[in-house]
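> Kindly generate the corresponding structure for this input.
(one chain, ligands or ions: 2)
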Amino acid sequence: MSAPPTVLTVAGSDSGGGAGIQADLKTMLALGVHGMSVITAVTAQNSLGVQGAWELPVDAVRAQYRSVVDDIGVQAVKTGMLASAELVEAVAELLGGTDAPAVVDPVGISKHGDALLAASALDSVRTKLLPVATVATPNLDEVAQLTGVRVDAEDDFRRAAAAVLSYGPKWVLIKGGHLPGDAGRAGGNQAVDLLTDGSEEHWLRAPRHDNRHTHGTGCTLASAIASGLAKGQSVPEAVAAAKEYVTGAIAAGFALGGGIGPVDHGWRFRAGA
Ligand SMILES: Nc1ncnc2c1ncn2[C@@H]1O[C@H](COP(=O)(O)OP(=O)(O)O)[C@@H](O)[C@H]1O
Ligand SMILES: Cc1ncc(COP(=O)(O)OP(=O)(O)O)c(N)n1
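Ligands and ions are numbered 1, 2, ... in the order given. Model prediction:
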C-alpha cells in the first residue's frame, strides 16, 4: 500500500483538544494525510481560556523537526503558536532549509484574549517568518498587530493583504472570521476571506454559522491548506477545499465545557461522507 502524503505541524499543544497541535492532527487525519508534530509549547487550556503556557527549549524544537524531516520527509509544513522570538527565528531558519511549502498561521492571541506570542517576537515574525511562508493566514487581529492596518469592512481587505505581502510571503489569506455579518456589508451573512499573491485575487465566501463553538477555526483552516498542498493541489485549490472543510466543521461545532467549544473535525465521518 502506498504511503499517504506527510504533513508536519509546528505548533503548541492545547490540552482541551480544540486548537493547536490537536486540531492540526485531527484535521490531517480527516483529510487523508499523515500528520506529524513538532511541539513548541504546552498550554493548559480549555473552553474558558488559557490557564498556563510553557515554551519548549529551542534545542528540543530543532531536534523534533530534524527527526521528522531527515528520516520521514514532509510534503508540507504548517506553523502555529511559536511563543517567543527565539522560537520564531529557529523555526523560520528550519523552514528556509526545507524544500516543502509552508503555511504560516501567525498565531498571536487566542479567541479568549490570551497572548500566545510575546510582543517582542512580532518583529521576528515580520522579518524572518513571513518571508519563508508560501501562504500566511492572519486573522484580523493578527493583521493589525503585524501591520497596523485595521480591517473594519471588506473594502479594507486589499490594503491589509498588501501590507502583509510586503513582508514577503508568496500568498496571503486574510481571514474575515472576526468581522460581524458579511465583512461589513449590510444585508449579508457570510464569512469572507481574501486570498491573493498580489496579482491573482480569490474571494472566498461561505455561510456564516451562528455558532459560538468556534475554538480552533484558524488552526483547522491552516492545517487543511497544508494537507491540500501536500496532496499536490495549487494554493487556490487547497485554500478553497480548506474553506469548505472548516465551514462544515464550524457548522457542526459542539458545546464542551462552559465556554467556547471546538469545531467538529470529524464532521465528514459523522455525516457519512
Ligand atoms: N461563525 C463562522 N461561520 C462560518 N465561518 C467562520 C465563522 N467564524 C470564522 N469563520 C471562518 O473560519 C476561518 C478561520 O477564521 P478566523 O476565525 O478569523 O481565524 P482565527 O481562528 O485565526 O481567529 C475563516 O475561513 C473564517 O471566514
Ligand atoms: C496552542 C494553541 N495554538 C493556537 C491557538 C489559537 O487557535 P485558533 O485556531 O486561532 O483558535 P482560537 O483559540 O482563536 O479559538 C490556541 N488557542 N492554542
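> only C-alpha atoms for contact and neighbour calcs from this point on.
Fine.
> Quick one: name the residues of the stretch 151-273 of the chain near ligand 2.
214-219 (CA under 6 Å from any ligand atom).
> out of these, who's near ligand 1?
216-218.
> in the protein, which spans are helices?
Applying DSSP state H to the chain gives helices spanning 20-30, 58-67, 85-96, 122-124, 140-147, 157-165, 217-230, 235-251, 267-270.
> Export those to TSV and append columns for mean pLDDT and mean neighbour count.
TSV is the format used below for those (pLDDT from 0 to 100; neighbours: other CA atoms under 10 Å):
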stretch	mean pLDDT	mean neighbour count
helix 20-30	98	25
helix 58-67	98	15
helix 85-96	98	19
helix 122-124	98	17
helix 140-147	97	19
helix 157-165	98	20
helix 217-230	99	29
helix 235-251	98	21
helix 267-270	92	13
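> and the ones you listed as TSV, adding distance to Trp203?
As requested, the helices of the chain are exported to TSV (distance: least, CA to CA, whole Å):
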stretch	distance to Trp203
helix 20-30	23
helix 58-67	34
helix 85-96	28
helix 122-124	27
helix 140-147	16
helix 157-165	10
helix 217-230	15
helix 235-251	10
helix 267-270	24
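> so Gly12 touches Ser37, yeah?
No. Using CA atoms under 8 Å, Gly12 is not in contact with Ser37; the gap is 9.5 Å.
> between the two, what contacts are shared?
Common neighbours of Gly12 and Ser37, using CA atoms under 8 Å, 6 or more residues apart in numbering, are Ile21.
> now stretch 1-20, how far from the centre of its chain.
12 Å (CA atoms, centre = their mean, to the nearest Å).
> Just the buried positions in that stretch, please.
5-20 (16 or more other CA atoms under 10 Å).
> Which of the residues you listed fall in strands?
Members of the buried residues of stretch 1-20 lying in strands (criterion: DSSP state E): 6-14.
> For Gln198, which non-adjacent residue is spatially closest?
I think there's a mix-up here, since residue 198 is Gly and not Gln. Leaving aside its sequence neighbours, Gly198 sits nearest to Ala162 (CA to CA, 6 or more residues apart in numbering; 6.9 Å).
> My read is that the one you found contacts Glu201, right?
No. Taking CA under 8 Å as the definition, Ala162 is not a contact partner of Glu201, at 11.5 Å.
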